[in-house]
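Colleague: Pasting the sequence and the predicted model now:
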Amino acid sequence: MVAPIGKQSPLSTQCYSYTDLEDFTHERMKKEGVVKSDKTYGINLTFVLSSFKVVIELDQNYQLDFRGSKFGELIGFDPKLITKTEYGSKLPNITNSIDVINVNCDAITDSLVDGQNSNTITVIPTD
């Protein structure tokens with residue numbers, strides 16, 4: 001069974017937590033009808049904090065297709081068909097290449113950001 005997790009994924013251009021990505025995977029599997037039971041999935045993402053890599057655990061007869069998808073890149077995998085339990089080859093990009101988060105407020109008018117007037121009240125780095 002090939003789970004089309006990343007095909008035309010509705011993930012937007014925002015930052016994600018590890019649990020956001022696992023929840024997305026499980027919700028997508030429910031939608032596609034590839035769930036073993038209500039609480040058991042044939043595909044699971046585990047985030048190994050000691051190596052900062054993702055491992056995809058596949059049950060027998062499950063595959064995960066990252067070809068033509070940005071989702072695999074987001075969790076540290078090359079675009080390919082995963083057919084067995086495997087670690088990502090790269091670090092996950094859970095910040096989705098976002099370097100900073102600007103917090104804006106409409107009540108602020110006298111802020112300067114890069115020499116321009118702005119309503120930014122703070123800038124938070126993501127790394």
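Modeller: Received, thanks. Numbers count the residues shown, from 1 in each chain.
Colleague: any idea how far residue 124 lies from residue 29?
Modeller: With distances taken as CB to CB, to the nearest Å, residue 124 is found 33 Å from residue 29. To be clear about C-beta, it is placed using only N, CA and C from the backbone, and glycine gets the same treatment.
Colleague: of the two, who's got more company?
Modeller: Neighbour totals were compared for residue 124 and residue 29, and residue 29 leads with 20 against 8 (other CB atoms under 10 Å).
Colleague: so how far is whatever helix or strand that one lives in off the chain centroid?
Modeller: Using DSSP states H and E, the element containing residue 29 is helix 18-32. Relative to the chain's own centre, helix 18-32 is displaced by 10 Å; criterion: CA atoms, centre = their mean, to the nearest Å.
Colleague: contacts for the helix or strand containing residue 101?
Modeller: Following DSSP H and E, one finds residue 101 within strand 100-104. Residues outside strand 100-104 that contact it (CB atoms under 8 Å, 6 or more residues apart in numbering): 15, 113, 118, 119, 120, 121, 122, 123, 124, 125, 126.
Colleague: distance between it and the chain's centre?
Modeller: Computed by CA atoms, centre = their mean, the separation of strand 100-104 from the middle of its chain amounts to 20 Å.
Colleague: Would you give the sheet partners of that strand, along with the direction of each?
Modeller: strand 120-125 (antiparallel) (DSSP bridges).
Colleague: buried set for the partner strand?
Modeller: Across strand 120-125, burial judged by 16 or more other CB atoms under 10 Å covers residue 120.
Colleague: hang on, residue 88 packs against residue 48?
Modeller: No. With contact defined as CB atoms under 8 Å, residue 88 does not reach residue 48; the gap is 9.3 Å.
Colleague: So for those two, which residue has more residues nearby?
Modeller: More neighbours surround residue 88 than the other of residue 88 and residue 48, with 22 against 11 (other CB under 10 Å).
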